[in-house]
Each structure stands twice: as C-alpha cells, then as structure tokens.
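Novice: need a structure here:
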Amino acid sequence: MNRNTIKILCLAAALLLAAYGCAVKPGSGNVDVQTSLLPAPETENVPVSEPPVQTPCTTAEPTDEAPTDAPTEAPQPRETPEPFDFIQDYFDWVGEIGYPEGLYGPIGESGRNQNCFHTPRGTEGYTSGSIVIGDSRCCQLGIYEYRAGRSDFAAFAVWGGHYVHGAKPQIMTDELMAEAENCFREQIISCGRCTIWFFATVNDYDQANNANGGNIRACIAAAEGLASMEFELDGRIYRPRVIVIGFDGWRSDGTDSAFAAAFNRFVADYNSALRTAVENSALLLEWAEYFTTVPEITGGADFIDDGLHYGDRTLLAICDFIAGGTD
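Specialist: Prediction:
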C-alpha cells in the first residue's frame, strides 16, 4: 500500500468520525423546562408536599415575542425615587404611566375608586415568589415598586376596595381572583414557592363603634379563599403561604389631630382581633406566627397630605419587609 493510499484511508476515517459526532449530541435526550402556564390538575387525593426551601426566583429566558400585556420597562433602579407627598402625585402618575400601559386601570367607573393595580404577566415581579393583595394602600405599594425600579412582588389591588360582601368596590372580584391564581401557578413553575401578603383594609373598619366582627370575618374569608388554592406540578401539590397583615390608621400629626385620634382609637383592637381570627383559622393557622401589622413593620406609618394613604418611608419599609421573605 503506497503513501497516497494511506492518506486517503485516514481522511475517510476522520470524516466518518466527524459525522457520527454530529449525529449524537451529548444531552440531546433532555426535556426543556416549560415556563408557560400549566392547566389545573384533575387528579384528586394527591399527597400535599411541604414547599421547598425558599430560593431566589428566576424569570423565563427572553423570547422573540414579548407578552402583549407587559408594560414598557420600569425606570432604572435608583436608591430613592422622586417623592410622592401628595395624593395629586398619584393622580398624575395614573395619567402619565398607569393608563394605558397595563399596570393600572379602571375595573368599573373610571376615576380614583374602582381602579385596579395588577402586575402584568411577563414582568419580573410576576414570577418573584410573592403576591400582594389589598386596597389602595397596596396600589401604592405596586406604584412604589415601579417608581423605584423594583420587582419584589406582584400586586393585585383595588383602590377603595372592600372585602365585606356587598360593599363596593370589591377587592376579591372573579377577575382579580383569577389573576392571583394564574400568578400563583406561574410562581410555582418559576421557583417552586408563592407567598401571598394579604393586607386587611381600613375601608372595612368601624372607627365609631368598634363593631368590627363582621369586617374581620370578611377579611379572613377572603384570605382563606386564597389559601385554598392548589396547583400540581411534577406530582406534588403546592399551596400558597398566606400571611395576613393588619393596617395603620390615620395621620396623627396633621391639622385634623382630633379626627385622627378618634379614627385611630380602635386600630389596635382591630389588629388584635384579626390576629386571633388568623390563629383560629384552619387554613391560615400554619402561617399565623408571621402575622404582623403595618405599625409593627414600620414603627408607625407616615402619610401623604390626605392623611389616609401611606408615605414613601412606609412604602419602602413594607417593600423591604416583603423582600426579606419568611425565612
């Protein structure tokens, strides 16, 4: 066999090896993890597993086609956003940012009341592992997160909202409940956990007579509805952690101090009774040790000019508290 023949045989062998290497790729049998929303399971009597140890959530890899309901990007993170000291600041924000980009919009009559803040699918907060539910003060939390370039949670809240059945506007509408449940499922898919930070509302508070039994029962019923959600993934059933948070009252350092004192005199009683109700709820008892109130989180809330809505210092403290989680 001459030298040219040997070269030809060696070249042919090399080509065969290269072709084989392209046909069999290492890891080609792996199944890609799907981050799209999965349907609710139909299987019954699946054992409930303990939620995994909390780890930071991650969002899905970007795709060529962005979700249609995601708003434009929030401002770049900064240490402190421009202050919102006046209720007019929120009205201006609605006109400039909230409409029509998907974060904020009317769910009934247009205007301040019945407006709903909802974190759109496809944003970082949507798969953060935390959900905030509540009234206008929780709308404020969602707006603060946007202003500060943060994504600690998804927020679903109604300005002027109530938990008490028949009072308008309602927080726990079918639409809001569906949004919260879809978000819960995607958070389980994304990072295997979901904590719902459920805020009691000062709109369901009898400051005149302290007859708050019905108000507290309505609050607990709404929280229990969220706690009863289930989602099966990879043979495990997940439920959200639902942590109930009591409210602060009215600004006490303003010109209407007499009104504030009268308004605030039963806030501590309400929050104490709410804590007891959480401890007596079979669905909420597991996380009752984490019950807290806005005064406990902040050391006493600050307020904007209308006396009722929280100031930036309080909003920042609550956002930091939620970002810290339960571990």
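Novice: For the stretch 101-250 of the chain, which residues score under the pLDDT cut-off?
Specialist: The stretch 101-250 of the chain contains residues with pLDDT under 70 at 108-112.
Novice: And the strands in it?
Specialist: Secondary structure of the stretch 101-250 of the chain (DSSP state E, counting those that start in this stretch): strands located at 104-106, 115-118, 130-134, 154-158, 195-199, 231-233, 236-238, 241-246.
Novice: Output the contacting helices and strands for the fifth one.
Specialist: Packing contacts for strand 195-199, counted by 3 or more CB pairs under 8 Å, 6 or more residues apart in numbering; DSSP states H and E, involve strand 130-134, helix 213-227, strand 241-246. Every C-beta, even on glycine, is put in place using the N, C-alpha and C of the backbone.
Novice: again, 6 Å this time
Specialist: strand 130-134, strand 241-246 (3 or more CB pairs under 6 Å, 6 or more residues apart in numbering; DSSP states H and E).
Novice: closest one to Thr119 among the ones you listed?
Specialist: Closest to Thr119 of the helices and strands packed on strand 195-199 is strand 130-134 (CB to CB; 8.5 Å).
Novice: Within the sheet, what are the partner strands of the closest one, with directions?
Specialist: Here strand 130-134 has these sheet partners by DSSP bridges: strand 154-158 (parallel), strand 195-199 (parallel).
Novice: could you dump those to JSON lines with mean neighbour count and distance to Ala227?
Specialist: Shown next, in JSON lines, are the strands paired with strand 130-134 (neighbours: other CB atoms under 10 Å; distance: least, CB to CB, whole Å):
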{"stretch": "strand 154-158", "mean neighbour count": "28", "distance to Ala227": "15"}
{"stretch": "strand 195-199", "mean neighbour count": "25", "distance to Ala227": "8"}
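Novice: I'd like those as a markdown table, with distance to Ala218 appended.
Specialist: Output for the strands paired with strand 130-134, formatted as a markdown table (distance: least, CB to CB, whole Å):
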| stretch | distance to Ala218 |
| --- | --- |
| strand 154-158 | 14 |
| strand 195-199 | 12 |
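Novice: and Glu145, which of the ones you listed is closest to it?
Specialist: Among these, the nearest to Glu145 by CB to CB is strand 154-158 (7.3 Å).
Novice: Which residues does the closest one contact?
Specialist: Identification of contacts with strand 154-158 by CB atoms under 6 Å, 6 or more residues apart in numbering yields 116-119, 125-126, 131-134, 138-139, 141-142, 169, 171, 176, 179-180, 183.
Novice: Pro295 contacts Asp248, correct?
Specialist: Yes: using CB atoms under 6 Å, Pro295 makes contact with Asp248 at a distance of 5.1 Å.
Novice: measure Ile188 to Gly325 for me?
Specialist: Relative to Gly325, Ile188 is positioned 16 Å away (CB to CB, to the nearest Å).
Novice: and the nearest residue to Pro81 once chain neighbours are set aside, how many neighbours?
Specialist: Counting by CB to CB, 6 or more residues apart in numbering, the nearest residue to Pro81 once its immediate chain neighbours are dropped is Arg147, at 3.9 Å. Neighbour count for Arg147, taken as other CB atoms under 10 Å: 21.
Novice: wait, Arg147 sits on Thr80?
Specialist: No: checked against CB under 6 Å, the pair Arg147 and Thr80 is beyond contact range at 9.6 Å.
Novice: what residues are up against Gln159?
Specialist: Check again: residue 159 is Trp, not Gln. 112-113, 115, 136, 139.
Novice: of all those residues, which comes closest to Gly254?
Specialist: Closest to Gly254, out of all of the contacts of Trp159 and judged by CB to CB, is Ser136, at 18.4 Å.
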